[in-house]
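J.: Give the three-dimensional model of this entry:
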Amino acid sequence: ILLKGMGIDEEMFYCRMGEIPTDQQFKVMLCQALFGNPPALILDEPTNHLDLESIRWLEKFLHSYNGALVVVSHDRHFLNAVTTFIADIDYETLIIYPGNYDQMLVTKTAARERTEEENKSKEKKAAQLKDFVSKFGAGTRASQVQSRLREIEKLQPQELKKSNIQRPYIRFYPPEKSPGQIIFKVEGLSKAYEEKQVFENLTFEVQRGDKIAVIGNNGKGKTTLLKLLANDLEQDMGKIEEGHQIQVGYFPQNHSDCIDKKSQQEAFAWLKEQRQGVYDQDIRSILGKMLFSGDDAFKPISHLSGGETARLILGKLMLCNYNVLILDEPNNHLDLEAVSALGWALKDFKGTVLLASHDRDLIQNSANKLIVFEENSIRFFDGKLDEYLSAYKK
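T.: Numbering: from 1, shown residues only. Model (predicted):
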């Protein structure tokens, strides 16, 4: 039941672990943790490598699970669905808030704003008292002055520690010249790997301004389709016609497809190579927005974490002013703040987006059309993710 719920084919049930794909191995290990109804579960990024169907199944399983659950996740929708408390590590401490992630944000923000207002009120009152002291300090009202001084001491504002949570600033600005109405015209597209047919005779159009999420179970062909559209892979049959004046920016699922992870080249130098004639201050500005402050801008690429590499590639997309963005799992390795910033950037972007992701919040907020890789077909849906799920995934 667990293996089926995770979408693992029965033909794999008696294979050795090393014989099945990595994402399937991860699912099996998750099933191993869930097996036997343990009294407690500790899950570290359980939605990594899971497709939308598996995440939805896991949410339902955890709803019916009666034990204690401790989970780390960068998937906002998942956290909202399964948590009743949030342990927030910030301001050099840990505070536990009742409720899910969104409720925690409201409570945390309100508490911070309340403290800031109290501090302002104290500072205003202290300023008035100091004014009194300066006027009458040398006069006959010594006892009143001493009283005011004691009151000033009590009005010291509460120290507000700086948040250690940082949010990158992501915005994509397309060039002034607009492309034509048709961005991609796909006719009779087919692709296979050896004997496995991924899809065949696929025909569709992408219009200017479309924000399309490509969703479906792992291994169905989402990455293959995006690679074909990004001209990073050759089709077997059919054709892809690019529209007039389109400029495509591509974020691959495997970062190594566009950046040498073993390179000793500095992040600053790599980014500067991505666009001719760009000024150093423009590079520093982009890197600062992507949280590469100070000497971090000159880190060798080989020393970058997965999240830093993802932010550097996003920095390239910001720098180069593309009018079409093709993004394959861009939220992998990004924290919640960065994923939220990316969602806002895609929503505000005036160009065209094709996005593959398993993050429901990111898809819901940034896509208005779907290409869905279903079990034996591909569905084109004009609407948002929640509308599709309501119509087809009861």
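
J.: for Lys125, what are its contacts?
T.: By Cβ atoms under 8 Å, 6 or more residues apart in numbering, the residues touching Lys125 are Leu155. All C-beta spots, glycine's among them, are computed from the backbone N, C-alpha and C.

J.: Can you give me the pLDDT of it?
T.: For Lys125, the pLDDT comes out at 79.

J.: What of Asp9?
T.: pLDDT, Asp9: 87.

J.: What is the burial count for it?
T.: By the measure other Cβ atoms under 10 Å, the count of residues near Asp9 is 12.

J.: The host helix or strand of Val206 - which strands sit beside it in the sheet, and in what orientation?
T.: Using DSSP states H and E, Val206 sits within strand 196-207. With DSSP bridges as the test, strand 196-207 is paired with strand 182-193 (antiparallel).

J.: Contacts for the partner strand, please.
T.: In contact with strand 182-193 (Cβ under 8 Å, 6+ apart) are residues 197-208, 210, 221, 224, 228-229, 233, 235-243, 246, 324, 352.

J.: In PyMOL, how would I select the buried members of those?
T.: Here is the PyMOL command that selects the buried residues among the contacts of strand 182-193 (16 or more other Cβ atoms under 10 Å):
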select buried, resi 198+199+202+206+208+210+221+224+228+229+235+238+242+243+246+324+352
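
J.: Low-confidence regions, the chain specifically.
T.: Low-confidence segments of the chain, defined by pLDDT under 70: 137-142, 157-160, 394.

J.: residue nearest the centroid of it?
T.: Closest residue to the average C-alpha location of the chain: Val339 at 2.2 Å, with Cα atoms, centre = their mean.

J.: sec struct for that one, please.
T.: Recorded secondary structure, Val339: helix (DSSP: H, G, I helix; E, B strand; the rest coil).

J.: ok, it touching Leu362?
T.: Yes - contact criterion Cβ atoms under 8 Å: Val339 and Leu362 qualify, at 5.9 Å.

J.: can you list residues touching both of those two?
T.: Here Val339 and Leu362 have Asn331 as joint contacts, going by Cβ under 8 Å, 6+ apart.

J.: quick one, longest helix in the chain?
T.: Ranked by number of residues, the top helix in the chain under DSSP state H is helix 101-136.

J.: how much space is there between the residue nearest to the centre of the chain and Leu346?
T.: 11 Å (Cβ to Cβ, to the nearest Å).

J.: hey, what's in contact with both of these two?
T.: Jointly contacting Val339 and Leu346 under the rule Cβ under 8 Å, 6+ apart are Leu362.

J.: what distance separates the start and the end of stretch 225-236?
T.: Its first and final residues considered, stretch 225-236 spans 12 Å by Cα to Cα, to the nearest Å.

J.: Helices of this protein, start to end?
T.: 2-5, 22-34, 52-64, 76-82, 101-136, 142-154, 222-229, 267-273, 280-289, 306-319, 336-348, 360-366, 385-392.

J.: surely Val28 meets Leu3?
T.: Yes - applying Cβ under 8 Å as the test, Val28 and Leu3 come out as touching, 7.2 Å apart.

J.: and for these two, which residues touch both?
T.: Listed contacts common to Val28 and Leu3 are nil; contacts here mean Cβ under 8 Å, 6+ apart.

J.: okay if I get the helices of the chain as JSON lines plus distance to Lys299?
T.: JSON lines is the format used below for the helices of the chain (distance: least, Cβ to Cβ, whole Å):
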{"stretch": "helix 2-5", "distance to Lys299": "42"}
{"stretch": "helix 22-34", "distance to Lys299": "28"}
{"stretch": "helix 52-64", "distance to Lys299": "33"}
{"stretch": "helix 76-82", "distance to Lys299": "28"}
{"stretch": "helix 101-136", "distance to Lys299": "31"}
{"stretch": "helix 142-154", "distance to Lys299": "46"}
{"stretch": "helix 222-229", "distance to Lys299": "28"}
{"stretch": "helix 267-273", "distance to Lys299": "5"}
{"stretch": "helix 280-289", "distance to Lys299": "10"}
{"stretch": "helix 306-319", "distance to Lys299": "7"}
{"stretch": "helix 336-348", "distance to Lys299": "17"}
{"stretch": "helix 360-366", "distance to Lys299": "27"}
{"stretch": "helix 385-392", "distance to Lys299": "36"}
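
J.: contacts for stretch 220-231?
T.: For stretch 220-231, the surrounding residues in contact (Cβ under 8 Å, 6+ apart) are 184, 186, 189, 191, 198-199, 202, 206, 214-216, 233-235, 240, 248, 250, 252-253, 326, 328, 354, 356, 371, 373.

J.: Does Lys347 touch Gln364 like I think?
T.: No - with contacts counted by Cβ under 8 Å, Lys347 stays clear of Gln364, the gap being 10.3 Å.

J.: Against Ser143, how distant is Val133?
T.: Distance of Val133 to Ser143, computed by Cβ to Cβ: 12 Å.

J.: Over to Gly7?
T.: From Gly7 to Ser143 the distance is 79 Å (Cβ to Cβ).

J.: cool, Met104 as well?
T.: Distance of Met104 to Ser143, computed by Cβ to Cβ: 49 Å.
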